[in-house]
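K.L.:
predicted coordinates and the sequence they were generated for:
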Amino acid sequence: MPQNPYLNVLVTVALTVLFIIVSSYGLGYLARYIARLFGSSPKKQENTFAGYFFAAPWIVGFLIFVVIPLGFSLYWSFTNYRIASGEPTVWVGAQNYQTILFEDDSFRASLINTLYLTVIGLPLQIGVALFLAVLLNQQLRGERIFRMSFYLPVILGFNTAVLLCWRLMLNTGTGIINQIIRSISTAFPPFNWLNRVVIYIQEVSAAFFLGLNTGKYNLLLKVIEAGFPAENRVPLWVQSPLWTKMSVVLLMVWGCGAMMLIFLAGLNNIPKELHEAAEVDGANPWQRFWKISFPLLTPYIFYNLVVGMISALQIFEPIFVLYRDNQPIVSSTISMVYYLWQKSFSHFEIGYGSAISWIVLVIILIITVIQFRLQDRWVTYDIY
């Protein structure tokens, strides 16, 4: 390869284009040859060639970037493959899986943390998305501006720049979120009491989950002994292991714009005649929502639940950016995918990390299958 970096890019692009062309023609000719073996007509053979020719870039890309890496990952999960060790790769069978499931306390902690984010964060995310969708469905002035504002977090995503801004906003002393909480608590004393109640409940529950991680509940006893928080207390978002998971939950709720649009589409699909008939019968807005809108929204709730569950079980970016440099508290919020990254790309234990990735895949598949099996008990498709 030439040493000029610009020339390197041009040569790489040219080789890539050439590979796409050659692979497209090759797959097209192979498909036409197979069609000929099955006795297809000349026209059908040409149609087969054209179809596979245009689909070849995706098919070849899927094979190269998905199927082949999956095969290597599955093989490595049964080995002790390490990048930097210099030792030969040895087949260890199911030893990696046995260690992860029965001996690795760190994986157990990551599993519990991920379940916390899923069980606590996902219902809050769906609830806030549904609440926003109902508000935006009222067709008030400035509705489009609010839709854009609520969907903007989805466009921004969990990229590093946005998460670093959140890290500054969540700072205990100078962060704007705690500054707002202090201002409202000073101006409105009932909010101060509510804030302290929320802090106490959150710290007790977080201490309990941390006790599940380690098997020791000393921190829970200390939180209970400390009693009700003082008047000047604010959440310690990124400074305390009691608040690390809740800060990630806050970011999950902040990014609920995609779920909101799904619910908004569902609300718009509900026939207005049903609400008009209920209003004539004397039903109030809450009764119309609970008896009409909510049952007809269950397919959309189910979709958001499945997609949100898969996303929550794979959460990585917020934890990586917020807590990677804060090792004393990163263990309190480490997720399964973060632990996978840590083993694979920090400790270079590729075999062990591959085994973790397949366990995560199996967990997601099991939970998804259970959700589909249980949908008939609460999802209403009658009107559709």
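P.N.:
Sure thing, it's come through. Numbering: from 1, shown residues only.

K.L.:
so which helix or strand of the chain has the lowest pLDDT on average?
P.N.:
helix 327-330 (a mean of 75; mean pLDDT, DSSP states H and E).

K.L.:
how distant is that helix from the center of its chain?
P.N.:
The chain centroid and the centroid of helix 327-330 are separated by 22 Å, computed with Cα atoms, centre = their mean, to the nearest Å.

K.L.:
now it: buried residues?
P.N.:
329-330 (16 or more other Cβ atoms under 10 Å). The C-beta positions use only the backbone N, C-alpha and C, and glycine is treated the same way.

K.L.:
residues in contact with the helix or strand just after that helix?
P.N.:
Downstream of helix 327-330, the next assigned helix or strand under DSSP states H and E is helix 336-341. Here helix 336-341 makes contact (Cβ atoms under 8 Å, 6 or more residues apart in numbering) with 106-107, 110-111, 114, 313-316, 319-320, 353, 356-357, 359-360, 363.

K.L.:
what is the neighbour count of residue 251?
P.N.:
23 (other Cβ atoms under 10 Å).

K.L.:
ok, the nearest residue to it once chain neighbours are set aside to residue 373 distance?
P.N.:
Closest residue to residue 251 apart from its sequence neighbours, by Cβ to Cβ, 6 or more residues apart in numbering: residue 318 at 4.9 Å. Look at residue 318 and residue 373: by Cβ to Cβ, to the nearest Å, they are 31 Å apart.

K.L.:
list the buried ones in stretch 317-329?
P.N.:
For stretch 317-329, by 16+ other Cβ under 10 Å, it's 317-323, 329.

K.L.:
for the residues you listed, which one is nearest residue 86?
P.N.:
Nearest to residue 86 out of these is residue 320 (Cβ to Cβ; 28.1 Å).

K.L.:
pLDDT score assigned to the closest one?
P.N.:
If you check residue 320, the pLDDT there is 89.

K.L.:
host element of it?
P.N.:
Under the criterion of DSSP H and E, residue 320 resides in helix 317-323.

K.L.:
with residue 49 instead?
P.N.:
Per DSSP H and E: helix 42-62 holds residue 49.

K.L.:
moving C-terminal of that helix, what's the next helix or strand?
P.N.:
helix 68-76.

K.L.:
how far off helix 42-62 does that next one point, in degrees?
P.N.:
50 degrees (axes from the mean of the first three to the mean of the last three Cα atoms, to 10 degrees).

K.L.:
list the contacts of the helix or strand that helix 68-76 is followed by.
P.N.:
Per DSSP H and E, the first helix or strand lying C-terminal to helix 68-76 is helix 95-102. Contacting residues not belonging to helix 95-102 are listed as 77-78, 80, 107, 351-352, 354-356, 359 [Cβ under 8 Å, 6+ apart].
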